[in-house]
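S.K.: Based on what follows, work out the 3D shape:
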Amino acid sequence: MALIRKLRGIEPKIGENTFLAETAVIIGDVEMGNDCSIWYGAVLRGDVNSIRIGNRVNVQDNAVIHTTYQKSVSIIEDDVTIAHNACIHGATLKKGSLVGIGAVVLDNAVVGEGAIIAANSVVLNNTIVEAGCLYAGSPAKFVKKVDPDKARNMIERIARSYLMYSGWYKEE
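M.R.: Predicted structure coming up:
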């Protein structure tokens with residue numbers, strides 16, 4: 001069972017039909033919606049500020065979501081994918097966005113709806129990533145507009161896949 005820890009009087013709130021891997025860690029001021037999956041080694045540490053996660057969000061293996069005390073919160077809207085080893089630190093990820101493997105999104109950055117952050121990219125503090133765009137590099141910069149249908153199909157496919165994968169882990 002995942003480590004779910006109340007801290008400073010605040011207990012995490014976890015939505016229905018949410019998969020929590022045995023080594024996932026959810027601490028303090030964390031609220032997540034329904035049909036999410038939090039995978040092995042992922043850490044959602046709401047100790048110094050709040051983390052809000054929508055529905056159908058998948059936080060893959062070894063990803064970290066954190067904040068800065070009295071300065072930033074992490075807001076993850078519906079249908080977001082946070083890939084393996086990514087770090088979200090006090091940022092907002094709008095609906096249907098995707099943060100690639102090993103990418104970092106820093107304080108007060110906003111990743112627009114349907115936007116994609118390429119693997120190993122670093123989105124600096126206060127960066128506004130336009131909706132429907134691909135950003136890559138360190139620091140991350142605009143690369144191109146993404147075909148909205150292709151992006152939506154990819155993001156929906158990943159979300160459906162992770163719901164399916166999480167179903168494989170349910171105890172009988």
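S.K.: can you tell me the helix or strand for I51?
M.R.: strand 43-53 (DSSP states H and E).
S.K.: which other helices and strands contact that strand?
M.R.: Judged by 3 or more Cβ pairs under 8 Å, 6 or more residues apart in numbering; DSSP states H and E, the packing partners of strand 43-53 are strand 25-32, strand 64-66, strand 74-76. (Glycine included, C-beta is placed from N, CA and C.)
S.K.: Just put these in a markdown table and tack on mean neighbour count, mean pLDDT and distance to N153.
M.R.: Output for the helices and strands packed on strand 43-53, formatted as a markdown table (neighbours: other Cβ atoms under 10 Å; pLDDT from 0 to 100; distance: least, Cβ to Cβ, whole Å):
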| stretch | mean neighbour count | mean pLDDT | distance to N153 |
| --- | --- | --- | --- |
| strand 25-32 | 21 | 98 | 25 |
| strand 64-66 | 21 | 98 | 26 |
| strand 74-76 | 24 | 98 | 21 |
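S.K.: nearest to G96, of the ones you listed?
M.R.: strand 74-76 (11.3 Å; Cβ to Cβ).
S.K.: Could you please name the strands the closest one pairs with and the direction of each pair?
M.R.: Strand 74-76 pairs in its sheet with strand 43-53 (parallel), strand 92-93 (parallel), by DSSP bridges.
S.K.: List the buried residues in the longest one.
M.R.: Of all the residues in strand 43-53, those buried under the rule 16 or more other Cβ atoms under 10 Å are 43-49, 51-53.
S.K.: Including pLDDT and distance to E16, could the residues you listed go into CSV?
M.R.: Formatted as CSV, the buried residues of strand 43-53 follow (pLDDT from 0 to 100; distance: Cβ to Cβ, whole Å):
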residue, pLDDT, distance to E16
V43, 98, 22
L44, 98, 17
R45, 98, 23
G46, 97, 20
D47, 97, 25
V48, 96, 27
N49, 97, 25
I51, 98, 18
R52, 98, 16
I53, 98, 13
